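Visitor: return atomic coordinates for the entry below.
(one chain, ligands or ions: 1)
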Amino acid sequence: MADKFDVIVIGAGPGGYVAAIRAAQLGLKTACVEKWVNKEGKTVHGGTCLNVGCIPSKALLESSHKFVEARDHFAEVGINVGDVSADIPKMLEFKNQVIAKNVGGISALFKANGVTALEGAGKVLSSKQVEVSKDGDKAVYEAEHIVIASGSVPVEIPPTPLTEGLIVDSTGALEFEETPKRLGVIGAGVIGLELGSVWSRLGSEVTVLEAMDSFLPMVDSAIAKETQKLLKKQGLDIKMGARVTGSETNGKEVTVKYTDAKGEQEQVFDKLIVCVGRRPYTQGLLGEDAGVKLDERGFIFVDDQCRTSVPGVYAIGDCVRGPMLAHKASEEGVMVADIIAGHKAEMNYDAIPSVIYTSPEVAWVGITEQDAKAAGIEIKTGSFPFSANGRALANHASEGMAKIIADAETDRILGMHIVGQHAGELIAQGVIAMEFGSSAEDLALTCYAHPTTAEAVHEAALAVDGHAIHMA
Ligand code: FAD
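Guide: All right, here's what the predicted structure looks like:
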């Protein structure tokens, strides 16, 4: 007789581990299957996010940011530190320690909450059975409910096949042992800009090749324009409308061929990072008669509450539609666990924030001004520059702006877009405001602590009706 669980979760990334913990907290007998093995051969929890995604990239972004601050900006505020140098192996060591702490934390949380951690590759069979295989051994478990959280992997493109040490994906770009002199990045999306920023700060000459003509089209165009200007000032050479057509390697460097408005081009790099997006990962996951359907793009097909085509089987996170973000995966995990436990639960997909952790950060939630125009929604907007915010000036971080988009008739906030220091923290205001159905006036009438950069959001809300205080 197979071991039986109320819930078996496949995948222990931020979708799966959160679903498993929440299910266990709700009194359900829960197991979580994970097949990720680290370099030491140990099964590790946390998925892409903790091992090769959000957490390691932020460790390197923060270390490289501190380096640039110390080298280029401390003296401007009266701190003399002498020669500043970057110790890349030490930075990587710190990043690895951060990964280990986070990963260990999840395993401890599983223990504390009574989640059974199963090691190996999970496969969904028919009749709600899950096969777990590791090193040739196989075991079959039964579950009342299955939650698939198998995540995603980087997309590869034929013109630039990954080549050991020369052409790498985002995972490889977190491991460079020294700063490449000439670094190419294919893709000016979130991950490309973050990784490009890390290595640019550490001394690389970075060229970003982006096939699309518009920069960050998902961000309000005023904020995107400001961001492009700021990143250019930092030395990132972002080439828009540059379609990569091929590459050649000679063991030491990579020649990339691309076409742009001027015709055929080529450029030589010491390393090339391919950051053109991620695709759902479902390899080996579904048995022949599992019955779980995929959509035309390979995502597991789910409804608004993450139910798949098979009753009792759910799927969440990067392997289903929607933004590929850790917090979206986690919220879906909580929703699904609540539904399985018999509670009413749903997610507001209109209020999921996104952040690009460049310096300054870019953060947004909801629609852009261009979205509103395209959809024929009458809006009013309010913007406020950080250069007029006292705290930003005192922080020596006065670049950027905040912008609020509100419905012209009801004043309800439809979107908030920010580029500026700590934008990723500030955007939580927009998310909460939208969750609560707030108007711009609600934010305008709220008392903000002074001096804070959050006051830029307050002033943007005041500006929606033309009454920002600190603007001429
Ligand atoms: P994953 O984290 O991919 O986890 C899936 C897990 O399932 C993996 O551990 C995998 O081994 C396991 N698995 C798959 N198949 C099986 C199977 N058959 N059996 C057992 N286990 C299986 N998002 C943000 O929100 N903020 C960020 O700042 C951010 N930065 C990023 C930076 C980089 C460089 C990258 C690559 C991604 C970043 N992301 C960020 C995206 C984020 O990592 C993903 O959205 C998130 O990890 C998705 O969570 P998930 O649980 O759906 O999948």
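Visitor: get me the contact residues on the stretch 301-450 of the chain for the ligand.
Guide: Residues of the stretch 301-450 of the chain found near the ligand (Cβ under 6 Å from any ligand atom) are Gly317, Asp318, Met324, Leu325, Ala326, His327, Ala329, Tyr357. C-beta: built from backbone N, CA, C; applies to glycine.
Visitor: domain parsing for the protein?
Guide: Domain assignment for the chain by the TED database gives 4-154+279-341, 167-276, 353-465.
Visitor: how about JSON lines for these, with mean pLDDT and distance to Met471 added?
Guide: Output for these, formatted as JSON lines (pLDDT from 0 to 100; distance: least, Cβ to Cβ, whole Å):
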{"stretch": "domain 4-154+279-341", "mean pLDDT": "97", "distance to Met471": "26"}
{"stretch": "domain 167-276", "mean pLDDT": "97", "distance to Met471": "15"}
{"stretch": "domain 353-465", "mean pLDDT": "98", "distance to Met471": "6"}
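Visitor: about what we covered before: neighbour-wise, which one of the residues of the stretch 301-450 of the chain next to the ligand leads?
Guide: Gly317 (34 neighbours; other Cβ atoms under 10 Å).
Visitor: output the set of residues of the stretch 151-300 of the chain in proximity to the ligand.
Guide: So the stretch 151-300 of the chain meets the ligand at Gly151, Ser152, Ser170, Ile191, Tyr281, Gly284, Leu285 (Cβ under 6 Å from any ligand atom).
Visitor: picking that back up, nearest to the ligand, of the residues of the stretch 301-450 of the chain next to the ligand?
Guide: Gly317 (2.2 Å; Cβ to the nearest ligand atom).
Visitor: right, and the pair among the residues of the stretch 151-300 of the chain next to the ligand with maximum separation?
Guide: Greatest spacing in those, by Cβ to Cβ: Ile191 and Gly284 (25.2 Å).
Visitor: need the contact list for Leu125.
Guide: Glu131, Val140, Gly287, Asp289, Ala290 (Cβ atoms under 8 Å, 6 or more residues apart in numbering).
Visitor: now for this structure: which strand has the highest residue count?
Guide: strand 137-148 (DSSP state E).
Visitor: and that strand, how far out from the chain's middle?
Guide: 29 Å (Cα atoms, centre = their mean, to the nearest Å).
Visitor: before we move on, the earlier item: need the residues of the stretch 151-300 of the chain next to the ligand in a markdown table with secondary structure and neighbour count, can you?
Guide: Below are these laid out as a markdown table (DSSP: H, G, I helix; E, B strand; the rest coil; neighbours: other Cβ atoms under 10 Å):
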| residue | secondary structure | neighbour count |
| --- | --- | --- |
| Gly151 | coil | 27 |
| Ser152 | strand | 22 |
| Ser170 | helix | 21 |
| Ile191 | helix | 23 |
| Tyr281 | coil | 17 |
| Gly284 | coil | 12 |
| Leu285 | coil | 20 |
